[in-house]
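Asks: Give me coordinates for this.
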Amino acid sequence: MDFGKFKSVFLKSHECLERWLALQVLHDRRNYAALPDSQQLQTLVLAKQIRALESVFGRLQENISEMASVTRAQERLVVESWKLLGEHPSAAACGAVQSGGASVAQLVECMEDVWRCCRDDLAVRAAALAGMSHTTSPQQFARLSGALAASTGLGKWSLPVVLMSSVAPVLRG
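Replies: Alright, predicted model coming up:
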């Protein structure tokens, strides 16, 4: 037998034993003195969950504010487009098909449709967020989720989005 190798294995085994014994501090009750009792611990965990939930609500509110800002900008652009047409626009000016394949009247209507859909969607989302809190029951949450799902919103295949998305690159070019 190679006693040198055996000695090495034995000493490694001893190191493992020392590490194991060092871990026995987990059995010493004094190490848990800094921890609160179970009721206090539950309270601390709940408080942390509430802070996290409030952070989520804060981010959602920031998102709603950003959506409101975009919606206000859309409204201003719709008003500006109507001003550009003038008080009594001619049929020729409104009906002339532009390089994007749509008439000025269609483009103005498209802008207005996008703005109105965004405005309506914003109203539904803001109302849903206002109705939520850390005390919202699962039933209330289901109703709010249903209202959001039923909201018209703007899908990437809705007509105003398709028209605006196809004409904008042509007008940029």
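Asks: where does the protein have low pLDDT?
Replies: Flagging of the chain using pLDDT under 70 yields the residue ranges 25-26, 152.
Asks: Kindly recompute the last result at 90.
Replies: Scanning the chain for pLDDT under 90 picks out the ranges 1-12, 14-41, 82-105, 121, 124-125, 128, 131-138, 141-161, 170-173.
Asks: which residues in this structure form strands?
Replies: Counting by DSSP state E, the chain forms no strands at all.
Asks: can you point me to the longest helix in this protein?
Replies: Longest helix in the chain by number of residues, with DSSP state H as the criterion: helix 38-85.
Asks: Go ahead and measure how far that one is from the middle of the chain.
Replies: 9 Å (CA atoms, centre = their mean, to the nearest Å).
Asks: Which neighbouring elements make contact with that helix?
Replies: For helix 38-85, the elements it packs on are helix 104-130, judged by 3 or more CB pairs under 8 Å, 6 or more residues apart in numbering; DSSP states H and E. All C-beta spots, glycine's among them, are computed from the backbone N, C-alpha and C.
Asks: list the buried ones in the helix it packs on?
Replies: Across helix 104-130, burial judged by 16 or more other CB atoms under 10 Å covers 104, 106-118, 121-122, 124-126, 128-129.
Asks: So which elements touch it?
Replies: By 3+ CB pairs under 8 Å, 6+ apart, helix 104-130 packs against helix 38-85, helix 91-95, helix 138-150, helix 159-172.
Asks: any idea of the angle that helix forms with helix 38-85?
Replies: Orientation check (axes from the mean of the first three to the mean of the last three CA atoms, to 10 degrees): helix 104-130 against helix 38-85 gives 160 degrees.
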